[in-house]
Each structure stands twice: as C-alpha cells, then as structure tokens.
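Chemist: Mind folding the following:
(4 chains)
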There are 4 protein chains.
Amino acid sequence: MTSAEDVALWWGTSVSRMEPGVIELRGRPVQELIGTTSLPAMIWLLTRGSLPTPRQAALLEAALVASVDHGPQAPSIAAARMAITCGVGLNTAIATGAGMLGDVHGGAGEQAVRLLGEIRDAERGGADLTDATAQVLAAWREKSRYIPGFGHRFHPLDPRRGPLLSLVADAVRDEVVSGDYLRAALAVEEALNRGRSRPVPMNIDGATAVIYAELGFAPPLARGLFVLSRSVGILAHAWEESQQGRRNKGPMPPSILPAYLGQPGDI
Amino acid sequence: MTSAEDVALWWGTSVSRMEPGVIELRGRPVQELIGTTSLPAMIWLLTRGSLPTPRQAALLEAALVASVDHGPQAPSIAAARMAITCGVGLNTAIATGAGMLGDVHGGAGEQAVRLLGEIRDAERGGADLTDATAQVLAAWREKSRYIPGFGHRFHPLDPRRGPLLSLVADAVRDEVVSGDYLRAALAVEEALNRGRSRPVPMNIDGATAVIYAELGFAPPLARGLFVLSRSVGILAHAWEESQQGRRNKGPMPPSILPAYLGQPGDI
Amino acid sequence: MTSAEDVALWWGTSVSRMEPGVIELRGRPVQELIGTTSLPAMIWLLTRGSLPTPRQAALLEAALVASVDHGPQAPSIAAARMAITCGVGLNTAIATGAGMLGDVHGGAGEQAVRLLGEIRDAERGGADLTDATAQVLAAWREKSRYIPGFGHRFHPLDPRRGPLLSLVADAVRDEVVSGDYLRAALAVEEALNRGRSRPVPMNIDGATAVIYAELGFAPPLARGLFVLSRSVGILAHAWEESQQGRRNKGPMPPSILPAYLGQPGDI
Amino acid sequence: MTSAEDVALWWGTSVSRMEPGVIELRGRPVQELIGTTSLPAMIWLLTRGSLPTPRQAALLEAALVASVDHGPQAPSIAAARMAITCGVGLNTAIATGAGMLGDVHGGAGEQAVRLLGEIRDAERGGADLTDATAQVLAAWREKSRYIPGFGHRFHPLDPRRGPLLSLVADAVRDEVVSGDYLRAALAVEEALNRGRSRPVPMNIDGATAVIYAELGFAPPLARGLFVLSRSVGILAHAWEESQQGRRNKGPMPPSILPAYLGQPGDI
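Modeler: Here you go, the predicted structure:
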C-alpha cells in the first residue's frame, strides 16, 4: 500500500531540504550562502550540486550578462511587452517571453553545445580537429540548413563574440578550462568561412555555448541558462512598457490593419 | 499616414539600441559590459537605467540569492517538475513556474514594498513610526487578513531573515541606504508580535522587500526580481526531474487516485 | 499521521472520477456522453455540474462562436503567431495567447458580468432600472474610466452585438432566460449614449456578458469561457503562421528597427 | 524602403478580415455565423478555411467531447489547479495547463495521425495492409519504445475507444469518410496484440487520431484540437479549485515534506 513516505519520495529531491526553520540548498544552510555567494555561483550550485571556483563563476557570469537582451525585434521581448499591456503581472510577462525561447529562438545554444561536444568526441576518437569538424558539420547539414551558433541575420559581426572568446582564452591560459570547445568553435568558424567573401562568424549562441561547454554544463542547461539571462531583458522591457500606459498593445500602430490575404481554398 | 518611422516609434525603447554590429544596453556598448559587470548590476542597469555602486549591487545580489528555491511544496516548483516530464523544453518548464508567481505566490514581495512605502510616507507626513505603522496596518487589515511579508505557515523563524537584515543594517551603517524601510519593517514585526505568544516574524518576502525598497525599486519590480530569483530554483528542479526519466508525472504516485467528492448539485 | 487517503482527498474533485476502465464526468460515464453531447453542453456540464437544456446550450454556443477571433492586432493573436515561429508546439502557442487574456485584454467580460449583476441587485433592492443603472455606473466610474463591455476603439458598431442580443431576446420570449441582464445592459447603453453624438455601443464583451449572466455563469467563468473561445482563433492563427515558414518572427519586418528613445535618467 | 503596406503584409492573414464595423472570418461576415454555426464547425472553419458538413462537424465534435478531462492525475490538470491558488486569473490557469500538453503529454495524438498516415501511404504504395502496418511499426520502434495512440498505463480498456470507433464506422458506412485510417488503426491494434495475453488496445489519442485523420486534419492540428478539448477540463478543475479557497496549494498536504535524497556528487 502507498504510504505518506512513498508520496514524499515521489517528490524527492537533492536540490533542497526544507524543515521548519531549516532551508538547505544542495546540502548547505541558506544562511551561509546569503552574502557570501554570487548569483552565478548560486545558479551553478543549484544546477550542478557544488560551488564553482571564482574563475568558473566569473566565466559563467560573463555569458549570462552577454545575453540579457536583443531588443523588441526578438519575438520573446515583443510578446512580453504586449503581455504587460493586457492586465497581467510581471510574472506573466516573463512567462510569456521565456516560454517562447523554443528550439529556434532559444535552442541554438543547446544545439551548439551538442555540436561542439560531437567535434570533441570525434577528436578524442582519433580524428584531427579539421577532419572532426568537417565530419560533424556534414552530419548536421544533412539534418538542417542551420549550423547552430554561427551566422546572424542582423549582425555581420556580433559585438559580443570578441569579449566572450577573449575571456575564454584567458581561462584556458590560466587552466581554468581545457579550451577543447573553444578550439572546436574556432574550427567551425574557419570551416564555414573557407572560400566565402561574406563571413559567417560565431554569434552569441555560439560564443556562450563555448563557455557553457567549457564549464561542463549539459546541453539542455545551455538553453536553461539562456532563459535565465534573457529573462532579465524581458523583465526590463515589460517594465518599461508598463510605464508607458498602453492598453492591449498590438504589434503595430492601430492605424495599420493586417492585410487580408484572401482564401487559399480548403487546406 | 502611418510611416515606417511611426512603426519604429511604436516599438521605441530606452532599454537597448540595436544596429548591425551594434548592441547598446541603456546607452552602453555591450562589449564594455561583458566581463566587467556582475549579473545583479546588469539587472539593475536594465531595469533602472544606470549602474549601481558595488555595495548596492551586493545588497541586491543577497536578496536574489536568498529566494532561489523553496522546494517542491511550492506550487511553482512542483508544476515545473511536472511540466518537464510532459515533453517540453526547459524554457516551458521555467515559463510554467514563473507564470504561477501570482498575487498570492509571488506577489507578497510587491505588496510588502508598498506597505513599507506607506509607512514611510505616513512618517514623512508627521506621524511617529509607531503610529504610522499602526495606522497603515489597520488599513491593510481592512482589505485582507494577510500582512504581506510577515508570518510563514511553515517556518516559525525564517532562516533567511537574520542574514538579510544584518546586511541591510551594515548598509545603513555605511550610508549605502537610508534605513527607513528597515525601521518600518521592524516596527511592523514589533506591532504584529505585541501580546502574542507565538510570534509572526518577517519572512523572505518581507526581508527582501526591505532590500528592494531601500534600493529604490518600484513595488512591481519586487515581484519581477523575485521571479528572476526563483527561476533559478525552477530551472534546477526541472533539470533534476528531467534526469529521473518519468513521463507525465502526476502530483502523487499513480497508485493513489484523486478522491471523488460526489456532485454538489448545480453550481 | 497523513495517509494515502489524505493525499487522495488533497486532490479530491467532483469534476471527474477515474478508475481503471472507468471515466465519469460529473457522475456520467463518458461513453454515454460521446456522440450525444455537444461541445458547449460538455463545457456547461464540466463547469456547472449538470447538463444544459438544448436552448441553453445553443445560447452558450452563440457566445462562444462570436468571440473566436479578432485578428493579429489583438496582442494574444500576434504573440501566438510569433511564438510558433520560435520552435515550440501549438500547445505553447495557445498557452502564450491564452495567458495574455488578462484583466485588460480578456477580463472585460468578467467585469461586465459583475456590472450587470450589480445593477440587477440594485433593482431587486427596490431601485427602478434607470436609477439602479445610474448608481452602479457612478460607482464604477470612481474606480476606472472604462465601463467594461461598452465602446470599442475600433468598431463604431460591433457587428456581433446585434445577432447576439437578438438571440437573447428570443430566449427571453421563450422563457429560456429571465431577461434581467439584457435589460440592464440596454439600460447601460442608453445611459452612456444620453446626450452624446458619437454613441458608445455594447461591444462583444458586453454582449457575451449578457449571455453568460442570463445563463447563470459566475463572473470569473465569463473570462474562462472567453479564453476557450479565443483559443480557437489563437490556434488558427498560429497554425497559419507555421505554414508560412518564418523563423523568429518579430513584430515588424526586419528592415524596421525599434526607435531608440534615449535614456530618461535614473528611474 | 519599408512602407506601412509592408508592415500590414507582415501581419497578413487569411483567417480574418477586420475593418471598422466589419469582422469576416475566412471570408464570411461574423453576423452570418453567430447562431447558425456550431462551435466545432467554427473550429473547422478557422483552421481549414471552409465549413464542414453537419456529419463532419458531428464527428469532430465527438472527438473534442471525448478528451476534455482525465482528472488531477494528469499533470496539466494538477498544475492548473495549483496555479489558480497562486493568485492568477483563469486565463493563466488555462495557459499553465495548455502549455504542458507537450510531445509526451499532448503529442501522442499528433504522432498517431502521422503513424496512420504512414501506413496509408505504404498501402497506397502497393503494400497490403498487414505488411504496411508491420513495416511502419518496425520503423517507429526503432525511434521509440512507445507506439503513439496505443496502450494506457491506467485503463486496461479505454471506455472512450468503443463509442468513438463506432461513430467512425457509421461515418464510413454513410461515406462521410473513407475509413482508410480506421482500418490502419485496427491493423495496428491487431499487430500489437498478436500473441499477447494482456492486450494493448487503442487509447483516446489513437481513437481521436483516427477521427482527425479521417477528417483530413494535418498532424500538428491533432495536437491543437486536443489542447482546445482539454482546456475545457483544465478550466473546470481550476474553477472548482478556486472555490475551495486554498492558497499556494502544493502537490501534497503540507504535512508531507519532499524526501531529501542527498547529494549525488557533482553532476
């Protein structure tokens, strides 16, 4: 027969332990963490189970800081701004935006971590880096015309790429991380640009994927971390919009009506 | 006639400026922020428009760190864990949990900032602190039986209260913040506990509200900041759950069926 | 001590009863409902506990049919269309749109049912309809400049008003409903238009509120029913958008950038 | 240069046309649809572009009616009930539940429509039904251990299967639908049960997939239609929960605490 203990186990967790007067996060009393632990270190602790070194935390922080916003042309930001004019709380505005960070909008980082991991695995399997990269890129191209983490429809050169990779290079030099994924990402960039006049540089998803992979985060967490980061921009935009007083803000001024495209016949 | 410029203005923002190759956040090039700015400082920058001092950022960070998780008994955490077993991404799990931080679950911080602000306003209007507190509490009690930020159904003494208030006291001593809201919160605590054997101490919503109010955040942002913070725990729990392999996890083991309560007649 | 039975009771419900091989909805075996019960009747059964008469179901159906869509200028529709281009499922697109039907976008129907109920209560308390209406409108105007269910920023005359009210009038004539709320709504319309050259006619929220109130739905269910109805349009738009192949659709063509408004100083 | 017309086209749609005083849905004035069109017919019209015959609409309605609820053991229902206790509106409760109908929880119908379509295609390619079924099942089993639409962890025989298939059989007899997908689904059932003592019968996702496929709905719409249907149960449960007055309802009575599983070491 099912007992209360079975129910407690159904909801069993290693993330936290609660008892009256007690809050432990990953086995550490919360009162020891407050004031001593940075927010990135706490993110690491909860998702990974142990505290990062200061250099690891700093690298994670740089990635989280870099992705906070890309303005209202990003559908997640626009939707959050529209949501807050509909009479909901900031929690719903954030949920609206965060929920939209799907496979296409927010999933590139997750996929890029996988891509870099496949190259490193191929390298460990004995291929040299150029061959490993060519082989993995060929396999990805069979599945999709997009190589996640590279190219941008808007920025010819993403201004976030340089500073992020530079921080990774410093961390490699100081043996904070191995540099395997940085090398892989640069090899992808080189392979993509070979023989092209208009380059396809690493974008923010690629550069942060390098960091998340170097730090040992599993691919799905790359998306999770991006959601945490972008939620900052979502909040800022929703809050700004809420101060402007619009009600039921549509995607364009009310004077423009959506074009009616006629009926295509039964579909 | 409506022009493209009108459309651009419809989506006008002070949060960020994007042009090909350019990303500015609150007027600052993103490449200058990466590696130099902490995540809490970035949260402050985007929501407030300027960078905080290091001490302001540290106080904000402590509040954000303190609220990350309260385990699967919190509906937002439980729902996010269930969501991830339903075949969605971590983005949807976070959206599920964040969306549930409504007026009751996540709104206490926002309301507590309002409460403390009303006491301070009454004090500025000439009342002494004890009278201002009594007067504001009486008005709140007419609207609701809950005083936001005080009391906990679970923790007789919230272990996060002490370290957070201690950090605020340090900041008051060093003139980082005024201390007006800390005094107001302690006055509420004293008023609530007068003549009671079982105290009603400040809870996490109250203690973080003191910090957000001292730092000058508007009440709705207190909720927004809580959502950012709790999203960390939501992510950690959803991720842990996803590693356990359940599919369509219900709220209790499948061997327990919901009780059927019979029909109450037309309602 | 807490037992499995307590847990079962924690999730106790009158809506349905499940046992292996058994599904009962509001006490009725599902196999008796399939093929014999219309979708509006099922909505009524689940939310109210008993089956409606055919005339009640038809009136509910008319209200549900009338509200399904208002095009991409509605933020909920636009957001759902953007969501589906971000690499999520139709479930997330619907959730995105439905979540945005908040107090301003979707709450007018709920508020209009309350408004009509207050007029009817004042009438039952002895006031004549004109006085009851004036008195209730005055009270609402103290709280807000909007009278829910009346006026439209877009339609000078809402084409849904006429057919819906006509169906209610038929139902009053045939004693399907009392007509109290129809009279109240017409009295509001008359009061609002007195002495105005540009009328403020009842809108879709008002006309459906008349139906929901006449049928005895509680005010919050008016919003719930609107969400069910509008979800149809949200689905249709998200599906259409998904067939057009855009990725990460923003709120305007990529050639238009959001205007940068400059920094307002610390806020 | 981008003009207002380009912006209008960016939001172009065939679903509806709005002008002041005009609302057309799929080319039909809304006032002609109100009172004459059933809710299932409206769902068909908006998603497909034309009105169904009464028999087509009746078959769609049966599928929509059959899936409305499966009680609080379903994660979507439980989460919606928890959401409404957190101080959000019914719109957010519905969004919470609908968003969780992902690939595992709500996607089986979509996958089942694909499965049946593949069998029919193989049959059209010349294979006999038994071979086509065996071949398609073998291919699915390579990708997953689950055959979508068949088997249930709870119901040995799903009580909704019989009445739904019986309605399809009637429709085949009367030449409303072809019966190709019904035959395919029965062939799957037979193949799965061959040589087994405990049968793996078609479940609700399979039975409704037969209907959606027979009626010509694209696979993703099968999930969309399921979301519309299940939203009815989500609403009913959230509404019932809201009447019980709980605040911040967790997944089990507060007297049971989640088990603490200890730390697994760095992960």
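
Chemist: near chain C, which residues of the stretch 51-200 of chain A?
Modeler: Taking CB under 8 Å from any CB of the partner chain, the part of the stretch 51-200 of chain A that reaches chain C is made up of A:71-76, A:78-79, A:82-83, A:85-88, A:92, A:95-96, A:99-107, A:153-154. Quick note: C-beta positions are derived from backbone N, CA and C, even for glycine.

Chemist: residue contacts, A:Arg145?
Modeler: Shown in contact with A:Arg145 (CB atoms under 8 Å, 6 or more residues apart in numbering or on different chains): no residues.

Chemist: go on, A:Leu9?
Modeler: Per CB under 8 Å, 6+ apart, neighbours of A:Leu9: D:Ala259.

Chemist: That one sits in which helix or strand?
Modeler: helix A:4-10 (DSSP states H and E).

Chemist: Kindly identify which of the residues of the stretch 51-200 of chain A next to chain C also come near chain B.
Modeler: A:71-73, A:78, A:92, A:95-96, A:99-103, A:106-107, A:154.

Chemist: what does the model give the residue lying closest to A:Leu164 once chain neighbours are set aside for pLDDT?
Modeler: Counting by CB to CB, 6 or more residues apart in numbering or on different chains, A:Leu164 lies nearest to A:Ala207, which is 4.1 Å off, once chain neighbours are set aside. Looking at A:Ala207, its pLDDT stands at 98.

Chemist: And A:Ala207, which helix or strand is it part of?
Modeler: Per DSSP H and E: helix A:204-214 holds A:Ala207.

Chemist: now A:Thr37
Modeler: Using DSSP H and E, no helix or strand contains A:Thr37.

Chemist: which residues touch A:Pro159?
Modeler: B:Gly21, B:Val22, B:Ile23, B:Pro29, B:Val30, B:Gln31.

Chemist: and the gap between the fourth one and chain A?
Modeler: Shown here: B:Pro29 relative to chain A, a distance of 7 Å by CB to the nearest CB, to the nearest Å.

Chemist: wait, isn't that residue in contact with B:Gly21?
Modeler: No - B:Pro29 is beyond contact range of B:Gly21, at 10.6 Å (criterion: CB atoms under 8 Å).

Chemist: So which residues on the stretch 51-200 of chain A come close to chain D?
Modeler: Counting by CB under 8 Å from any CB, the positions of the stretch 51-200 of chain A adjacent to chain D are A:Val88, A:Gly89, A:Asn91, A:Thr92, A:Ala95, A:Gly99.

Chemist: Show me which pair in these is furthest apart.
Modeler: A:Gly89 and A:Gly99 (15.1 Å; CB to CB).

Chemist: quick one: which of those two has more around it?
Modeler: In this view A:Gly89 and A:Gly99 are compared by other CB atoms under 10 Å in any protein chain shown, and A:Gly99 has more residues nearby, 34 against 29.

Chemist: And the helix holding A:Ala207, what does it pack against?
Modeler: Counting contacts by 3 or more CB pairs under 8 Å, 6 or more residues apart in numbering or on different chains; DSSP states H and E, helix A:204-214 packs against helix A:54-66, helix A:108-124, helix A:161-173, helix A:180-193, helix A:219-242.

Chemist: buried ones in the fourth one?
Modeler: Buried residues in helix A:180-193, counting neighbours by 16 or more other CB atoms under 10 Å in any protein chain shown, are found at A:Asp180, A:Tyr181, A:Leu182, A:Arg183, A:Ala184, A:Ala185, A:Leu186, A:Ala187, A:Val188, A:Glu189, A:Ala191, A:Leu192.

Chemist: List the residues that contact the third one.
Modeler: The neighbours of A:Leu182, taking CB under 8 Å, 6+ apart as the test, are A:Leu165, A:Val168, A:Ala169, A:Val172, A:Val210, A:Glu214.

Chemist: so which of those residues is the most crowded?
Modeler: Highest count within these by other CB under 10 Å belongs to A:Val210, 30 neighbours.

Chemist: In this structure that residue contacts A:Ala185, no?
Modeler: Yes - using CB under 8 Å, A:Val210 is in contact with A:Ala185, at 4.8 Å.

Chemist: which residues are in contact with both of the two?
Modeler: Residues touching both A:Val210 and A:Ala185 by CB under 8 Å, 6+ apart: A:Leu116, A:Met202.

Chemist: Quick check: the closest residue to A:Leu64 other than its chain neighbours vs C:Ser229, distance?
Modeler: Nearest residue to A:Leu64, sequence neighbours excluded (CB to CB, 6+ apart): A:Ser229, at 4.5 Å. The gap separating A:Ser229 from C:Ser229 is 36 Å, by CB to CB, to the nearest Å.

Chemist: quick revisit: the ones next to chain B among the residues of the stretch 51-200 of chain A next to chain C in strands, which ones?
Modeler: Per DSSP state E, strands hold no members of those.

Chemist: I'd like the list of those residues that fall within helices, please.
Modeler: Using DSSP state H, A:Ala78, A:Thr92, A:Ala95, A:Thr96, A:Gly99 are the members of those that sit in helices.

Chemist: Would you enumerate the residues in contact with the residue lying closest to the third one once chain neighbours are set aside?
Modeler: Using CB to CB, 6+ apart and skipping residues adjacent in sequence, the residue nearest A:Ala95 is B:Gly99, 3.3 Å away. Contact partners of B:Gly99, counting by CB under 8 Å, 6+ apart, are A:Asn91, A:Thr92, A:Ile94, A:Ala95, A:Thr96, A:Gly99, C:Gly99, D:Ala83, D:Val88, D:Thr92, D:Ala95, D:Thr96.

Chemist: Counting neighbours, what do you get for the nearest residue to A:Asp158 once chain neighbours are set aside?
Modeler: Of all residues not flanking A:Asp158 in the chain, A:Asn203 sits nearest, at 4.9 Å (CB to CB, 6+ apart). Using other CB under 10 Å, A:Asn203 has 24 neighbouring residues.
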